[in-house]
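Chemist: Curious how this folds, go ahead:
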Amino acid sequence: QVQLVESGGGLAQAGGSLRLSCAASLGGSVTSIIMAWFRQAPGKDREFVAVTSWSGTTTYYSESVKGRFSASRENGKNTAFLQMNSLKPEDTAVYFCAAGTYFSSDYRFPEKYDFWGQGTQVTVSS
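Modeler: Residues are numbered from 1 along each chain as shown. Model (predicted):
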């Protein structure tokens, strides 16, 4: 019912910036979604990064990226962005876009989200 296509990512030096995009196509009974970003480094669990409400007016971040990353949504469209500034080597991971049909207090848990993008690699060199 929801397809997510990610773009962006790649290689950056420490202190640099990258921008990820996620375009969502809705179908069936799904008419609005919240959109989140997760990341997963080798050998580690999938980690919450940020989430944006369906209107784009409410955003939450993990403590590890707060002040450096900015999540947003394009008005009226189901497209999400993750602007990553002041990148650190520990930000290296595969980044995933995720979508859910409602906002709730468990937004940090990947199990909440029904739809996932294919993932895009972000590598930060020191």
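Chemist: ok, and the closest non-adjacent residue to the residue positioned nearest the centre of the chain?
Modeler: The chain has Trp37 as the residue nearest its centroid, 2.0 Å off, counting by Cα atoms, centre = their mean. Spatial nearest neighbour of Trp37, excluding adjacent residues (Cβ to Cβ, 6 or more residues apart in numbering): Val49 at 4.1 Å. Quick note: C-beta positions are derived from backbone N, CA and C, even for glycine.
Chemist: ok, whichever strand or helix holds that neighbour: who's next to it in the sheet?
Modeler: Val49 belongs to strand 47-52 when assigned by DSSP states H and E. Neighbouring strands of strand 47-52 in its sheet, by DSSP bridges, are strand 34-40 (antiparallel), strand 59-61 (antiparallel).
Chemist: Run a quick neighbour tally on the residue nearest to Trp37.
Modeler: 25 (other Cβ atoms under 10 Å).
Chemist: Quick check: beta-bridge partners of Ser72?
Modeler: Phe81.
Chemist: actually Leu26, sorry about that
Modeler: Beta bridges link Leu26 to Val2 when assigned by DSSP bridges.
Chemist: Can you tell me how far it is from Met35?
Modeler: Here the criterion is Cβ to Cβ, to the nearest Å. By it, Leu26 lies 11 Å from Met35.
Chemist: Show me which of those two is the more surrounded one.
Modeler: Shown here are Leu26 and Met35; by other Cβ under 10 Å, Met35 has more neighbours (30 against 16).
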